[in-house]
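Peer 1: Compute the structure for the input listed below.
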Amino acid sequence: AWNVLALDGSNWQKIDLFNFQTDIEGRVVENISKRCGGFLRQLSLRGCLSVGDASMKTFSQNCRNIEVLNLNGCTKITDSTCLSLSKFCCKLKQLDLTSLSEMMLNLSWCDQITRDGIEALARGCNNLRALFLRGCTQLEDGALKHLQKHCPELTTINMQSCSQITDDGLVSLCRGCHKLQVLCISGCSNITDASLTALGLNCPRLKILEAARCSQVTDAGFTVLARNCHEMEKMDLEECILVTDNTLVQLAIHCPRLQALSLSHCELITDDGIRALSSSVCGQERLTVVELDNCPLITDVTLEHLKNCHRLERIELYDCQQVTRAGIKRIRAHLPEIKVHAYFAPVTPPPSVHGGGQRLCRCCIIL
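Peer 2: Predicted coordinates for the structure are as follows:
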């Protein structure tokens with residue numbers, strides 16, 4: 001009877017192997033994962049020096065309901081294990097990776113992760129370099145304050161669609177993580193100019209900013225950012241609907257390394273802003289991608305300005321209704337290698353002189 005109970009995985013929801021750490025090898029972890037499978041909720045491998053990525057990949061695939069995992073002191077663990085956990089263990093709430101150095105951690109779409117898990121992670125991973133938290137919808141500002149206190153080496157953080165994050169958390173993060181180079185806050189709709197100002201004043205090494213759908217940010221915030229972050233290379237401002245030409249003027253003056261810029265659905269952008277950008281150092285020497293789809297004030301004049309951008313590889317012009325085929329033809333003649341993505345609605349035929357035809361869609365052809 002004891003053997004039956006011992007081999008029944010449903011009886012093993014919590015396992016702590018710390019007292020056997022010197023004896024635990026990878027195959028032991030693999031066997032546990034096969035026995036316990038989806039029943040296992042908590043596992044401590046603290047101090048198990050022989051456990052590596054291959055065993056943890058098997059574990060991740062078999063124990064998808066794991067909620068608490070302690071890998072403190074598992075020095076053979078690398079980013080590969082973090083990738084496996086993020087891929088298979090979406091219910092993970094607490095992860096201890098103490099003693100790992102210079103690490104990247106991807107917890108994207110693990111929507112059960114909360115500030116408590118991030119606190120444990122931050123306290124144990126002072127050398128954390130990159131953290132991906134896309135779709136972690138339960139995260140709020142407190143999580144970022146733990147990163148501020150414990151992760152000064154952080155260079156990359158992706159918080160796409162972390163909708164509870166506000167200026168309070170992001171400002172704190174900026175004040176503690178001065179080495180930040182890559183930041184994604186797309187879909188964080190509560191962010192305002194206060195966060196952009198904090199970025200500009202605290203994170204001068206910033207190179208990539210993705211702020212799509214941050215509809216509250218304005219030229220004022222981007223002005224501070226541009227004047228202080230001169231290494232900027234890529235910006236995604238899609239649906240930053242309050243942005244105007246003034247932001248482009250500041251980028252043109254202060255960001256000579258800018259290579260890619262998305263202004264999709266920035267409906268206040270005009271030809272004047274593109275003129276400032278294309279006549280700048282970044283426009284003439286660096287700019288390779290400009291996305292202007294759904295910018296209704298853009299005309300063929302913009303394409304004339306963009307002829308100065310000799311390294312330009314791609315322009316997005318979908319639903320720019322004042323841009324014409326003739327304008328596109330001219331820029332293609334000037335920059336033969338360029339890819340221009342645009343859409344022109346089919347020409348609507350004139351109304352039929354016969355009364356019966358008026359009931360038909362004028363864009364249809366009757367065969």
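
Peer 1: Which of the helices or strands spans the closest residue to residue 53 other than its chain neighbours?
Peer 2: Using CB to CB, 6 or more residues apart in numbering and skipping residues adjacent in sequence, the residue nearest residue 53 is residue 80, 4.1 Å away. To be clear about C-beta, it is placed using only N, CA and C from the backbone, and glycine gets the same treatment. For residue 80, the host element (DSSP states H and E) is helix 79-88.

Peer 1: Tell me which stretches of the stretch 1-150 of the chain form strands.
Peer 2: Applying DSSP state E, counting those that start in this stretch to the stretch 1-150 of the chain gives strands spanning 14-16, 42-44, 68-70, 94-96, 104-106, 130-132.

Peer 1: Mind putting these into JSON lines with distance to residue 146, mean pLDDT and mean neighbour count?
Peer 2: Shown next, in JSON lines, are the strands of the stretch 1-150 of the chain (distance: least, CB to CB, whole Å; pLDDT from 0 to 100; neighbours: other CB atoms under 10 Å):
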{"stretch": "strand 14-16", "distance to residue 146": "25", "mean pLDDT": "89", "mean neighbour count": "12"}
{"stretch": "strand 42-44", "distance to residue 146": "21", "mean pLDDT": "93", "mean neighbour count": "19"}
{"stretch": "strand 68-70", "distance to residue 146": "17", "mean pLDDT": "92", "mean neighbour count": "21"}
{"stretch": "strand 94-96", "distance to residue 146": "13", "mean pLDDT": "85", "mean neighbour count": "22"}
{"stretch": "strand 104-106", "distance to residue 146": "14", "mean pLDDT": "83", "mean neighbour count": "19"}
{"stretch": "strand 130-132", "distance to residue 146": "11", "mean pLDDT": "95", "mean neighbour count": "22"}
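
Peer 1: Now distance to residue 263 too, for these, in TSV please.
Peer 2: Putting the strands of the stretch 1-150 of the chain into TSV (distance: least, CB to CB, whole Å) gives the following:
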stretch	distance to residue 263
strand 14-16	52
strand 42-44	48
strand 68-70	42
strand 94-96	38
strand 104-106	29
strand 130-132	25
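
Peer 1: among those strands, which is nearest residue 56?
Peer 2: Nearest to residue 56 among these is strand 68-70; the distance by CB to CB comes to 9.2 Å.

Peer 1: What is the closest one packed up against?
Peer 2: Packing partners of strand 68-70 (3 or more CB pairs under 8 Å, 6 or more residues apart in numbering; DSSP states H and E): strand 42-44, strand 94-96.

Peer 1: again, only using 10 Å
Peer 2: With contacts taken as 3 or more CB pairs under 10 Å, 6 or more residues apart in numbering; DSSP states H and E, strand 68-70 sits against strand 42-44, helix 53-62, strand 94-96, helix 115-124.

Peer 1: Just list what the last one packs against, helices and strands only.
Peer 2: Here helix 115-124 is seen to pack against strand 68-70, strand 94-96, strand 130-132, helix 141-150 when contacts are counted using 3+ CB pairs under 10 Å, 6+ apart.

Peer 1: Out of these, flag the one nearest residue 290.
Peer 2: Judging those by CB to CB, what sits closest to residue 290 is strand 130-132, at 26.9 Å.
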